[in-house]
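Colleague: give me a model of this one.
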Amino acid sequence: MPQSYQQIRPDLALQIRLVVTDVDGTMTTAEDSMSLAALEAVRRLEEQGVVVGLASGRALPRLESVAQRAGITGPIIAENGGVAKLTRDDQLADLGYSRQPAIRALEKLKGLFPKAIEETEDDKFRLVDIGIKSHGVETAELRSHLDDVELLDSGYMLHLLQKGVSKGLTLMRLLARIGDGSLSPEEVMVFGDSTTDMSLFQLFPHSVLIVNPRLPAKQRQAVLEVAEYISDLTFGDGFAQVVLHILDARKA
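Modeller: Presented below is the predicted three-dimensional model:
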């Protein structure tokens with residue numbers, strides 16, 4: 001079970017050089033808009049020399065917009081790890097991932113459940129992941145028909161993704177190419193709110209779970225088992241709460 005974020009001590013706060021955070025449920029409000037408190041917290045991290053990056057299920061253009069608004073200078077990982085850039089102004093990183101497994105999976109699910117599967121509006125911007133919504137068919141039932149793709153539930157939509165792709169693995173692949181190339185996993189702190197962030201929590205030793213009261217009990221238990229720290233507040237307020245504690249601890 002995670003410790004309170006208040007247990008993040010000055011030595012660890014000073015050690016962190018890169019913060020990578022999820023967006024939806026982590027930097028957003030209960031109404032799903034961007035949290036002004038979270039955006040301000042990101043700006044303060046960057047001002048204090050801590051590079052911030054994003055790792056989200058969102059399509060790349062929506063993340064680039066957040067990065068621009070918040071002054072984020074670090075990596076942008078979109079589509080649950082399927083797409084990435086070292087900074088918002090860089091070219092796409094060559095990750096070697098394909099959308100074909102997701103396309104085949106979508107066609108299969110549409111054939112099995114022709115009236116239940118709805119593609120999301122931003123799919124036209126996606127390169128690897130396919131976002132869908134399911135009407136009347138449980139995620140576990142959909143997953144039982146798929147064996148060569150990941151089916152992720154972000155709480156906002158379902159994601160079909162080439163097997164083996166994740167936010168955590170993509171961030172690990174990028175690490176040696178960020179900044180001067182000297183970043184270690186111990187100098188990274190990752191933030192998230194749901195099971196789509198578990199790969200970040202599992203691969204990076206310093207992780208913060210932002211409380212999302214919408215998360216189903218089974219998913220909540222899964223993320224509680226792998227996160228190191230947890231916020232008190234929910235959504236973007238929780239993110240800002242933890243970041244401000246870290247910034248204060250760096251001054252101690």
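
Colleague: chain neighbours aside, what residue packs nearest to Leu151?
Modeller: Of all residues not flanking Leu151 in the chain, Arg143 sits nearest, at 4.8 Å (Cβ to Cβ, 6 or more residues apart in numbering). C-betas here are computed from N, CA, C, even on glycine.

Colleague: assign the one you found to helix, strand or coil.
Modeller: Judged by DSSP: H, G, I helix; E, B strand; the rest coil, the three-state class of Arg143 is helix.

Colleague: how many other residues sit next to it?
Modeller: 15 (other Cβ atoms under 10 Å).

Colleague: quick check: the gap between the closest residue to Ile132 other than its chain neighbours and Leu127.
Modeller: Among residues not flanking Ile132 along the chain, Leu158 sits closest, at 5.0 Å (Cβ to Cβ, 6+ apart). Applying Cβ to Cβ, to the nearest Å, the value for Leu158 to Leu127 is 18 Å.

Colleague: same thing with Ala30?
Modeller: From Ala30 to Leu127 the distance is 30 Å (Cβ to Cβ).

Colleague: which helix is the longest one in the chain?
Modeller: helix 235-251 (DSSP state H).

Colleague: distance between it and the chain's centre?
Modeller: Distance of helix 235-251 from its chain centroid, counting by Cα atoms, centre = their mean, to the nearest Å, is 18 Å.

Colleague: give me the contacts around that helix.
Modeller: 5-6, 8-10, 12-14, 16, 19, 21, 25-30, 34-38, 40-42, 44-45, 48, 189, 191, 193, 208, 210-212, 229, 231-233 (Cβ atoms under 8 Å, 6 or more residues apart in numbering).

Colleague: ok, of these, which come out buried?
Modeller: By neighbour count, with 16 or more other Cβ atoms under 10 Å, the contacts of helix 235-251 hold 5, 8, 12-13, 16, 19, 21, 25-29, 34-35, 37-38, 41-42, 44-45, 189, 191, 193, 208, 210-212, 229, 231 as buried.

Colleague: the residue nearest to Ile132: how many residues sit nearby?
Modeller: Neighbour tally, Leu158, other Cβ under 10 Å: 22.
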